[in-house]
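Participant: pasting the sequence and the predicted coordinates here, then a few questions.
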Amino acid sequence: MSGPSILITIADPARAADPEVAARRSGLYADAVARHGGEPTLVSSGTPEDERVAAFEGMGGLLLSGGVDIEPARYGATSAGSNDVDRERDELEASAWAAAEARGLPILGICRGLQALNVFAGGRLVQDVPGHQGPAIGSGPALTHPLRVAPGTRLARVLFPTNARGGVLEVNSYHHQAVRPEDLAPGLIASATSSSPAGELVEALETRSGRFVMGVQCHPERRDSTPEAFERLFRVFVDAARGALTSR
């Protein structure tokens, strides 16, 4: 029996400055899903409409990957530190998120994906956080910082399965935008935080309900700079997608 189809939204490869690096980045997400029995399907704003529709209809879970900034108008703001934006990708991911929400499917957001989850659910972003954007993949060692995981959260149960009281892990940092506690969308809670020059940041979020909707600001698909505990996040996500399909 094949695993659940996991739709992974990515930047349009045709618009990448370096297609080889872009393919490596996308491949890391696909590999993480495949390691745990999922069937990754990569979709970008350049994917033909018929293929996109089929991917939406067939998905058992949605993974919103990392990338450039979200258009500030989507959360009622003007540009105040946003750099590169991709409006076509914003539209693609908003549609994918709405489709997953309508069917109650599991959703995992990574970096930009965490920010997208918050924005689509009615939250906001801080547009520039100094010192949190490490070197691009392949151009130097990752910038890291401590991550404080809140006790009793789903994330704590995933990362610390024998002790859900939370803890501190060292994670990579590749972002210059973020979510603060006051920026959280209704229905979402902070499951991990970190300190920054912009104040306390939400480094992971999840729904208040039991459904799997989670976002992490770090890049757990980059295993060279991620604690091994985060591998369980991908496993639990794929398992949730498998359960969503079998419960229909």
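Facilitator: Here it is on my side, so go on.
Participant: and stretch 61-79, how far out from the chain's middle?
Facilitator: Offset of stretch 61-79 from its chain centre (C-alpha atoms, centre = their mean, to the nearest Å): 11 Å.
Participant: give me the buried positions along that stretch.
Facilitator: Going by neighbour count (16 or more other C-beta atoms under 10 Å), the buried part of stretch 61-79 is 61-67, 69-72, 74-75. From N, CA and C alone the C-beta is placed, and that goes for glycine too.
Participant: what of stretch 159-175?
Facilitator: Residues of stretch 159-175 classed as buried: 159, 160, 164, 166, 167, 169, 171, 172, 173, 174, 175 (neighbour count, 16+ other C-beta under 10 Å).
Participant: residue 6: which of those is nearest?
Facilitator: residue 159 (20.4 Å; C-beta to C-beta).
Participant: how far out from the middle of the chain is the helix or strand hosting residue 102?
Facilitator: Secondary structure assignment for residue 102, by DSSP states H and E: helix 87-103. In terms of C-alpha atoms, centre = their mean, the centre of helix 87-103 is set 13 Å apart from its chain centre.
Participant: follow the chain on from it and name the next helix or strand.
Facilitator: Trace forward from helix 87-103 with DSSP H and E and the next one is strand 107-110.
Participant: could the buried residues of stretch 61-79 be laid out in a markdown table, adding distance to residue 228?
Facilitator: What follows is those, written out as a markdown table (distance: C-beta to C-beta, whole Å):
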| residue | distance to residue 228 |
| --- | --- |
| 61 | 22 |
| 62 | 25 |
| 63 | 20 |
| 64 | 23 |
| 65 | 21 |
| 66 | 20 |
| 67 | 25 |
| 69 | 30 |
| 70 | 30 |
| 71 | 36 |
| 72 | 36 |
| 74 | 35 |
| 75 | 34 |
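Participant: among those residues, which lie within helices?
Facilitator: Within these, no residue falls in helices by DSSP state H.
Participant: can you tell me which of those residues is closest to residue 124?
Facilitator: Taking C-beta to C-beta as the measure, residue 75 is the one of those closest to residue 124, at 4.5 Å.
Participant: farthest-separated two in the buried residues of stretch 61-79?
Facilitator: Once C-beta to C-beta is applied, the buried residues of stretch 61-79 give 61 and 72 as the farthest pair, at 28.2 Å.
Participant: before we move on, back to that, restricted to helices, list the buried residues of stretch 159-175.
Facilitator: residue 159.
Participant: using JSON lines, lay out the buried residues of stretch 159-175 together with distance to residue 220 and pLDDT.
Facilitator: Formatted as JSON lines, these follow (distance: C-beta to C-beta, whole Å; pLDDT from 0 to 100):
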{"residue": "159", "distance to residue 220": "10", "pLDDT": "96"}
{"residue": "160", "distance to residue 220": "15", "pLDDT": "95"}
{"residue": "164", "distance to residue 220": "19", "pLDDT": "75"}
{"residue": "166", "distance to residue 220": "17", "pLDDT": "84"}
{"residue": "167", "distance to residue 220": "16", "pLDDT": "92"}
{"residue": "169", "distance to residue 220": "10", "pLDDT": "96"}
{"residue": "171", "distance to residue 220": "8", "pLDDT": "95"}
{"residue": "172", "distance to residue 220": "9", "pLDDT": "92"}
{"residue": "173", "distance to residue 220": "12", "pLDDT": "89"}
{"residue": "174", "distance to residue 220": "12", "pLDDT": "85"}
{"residue": "175", "distance to residue 220": "13", "pLDDT": "80"}
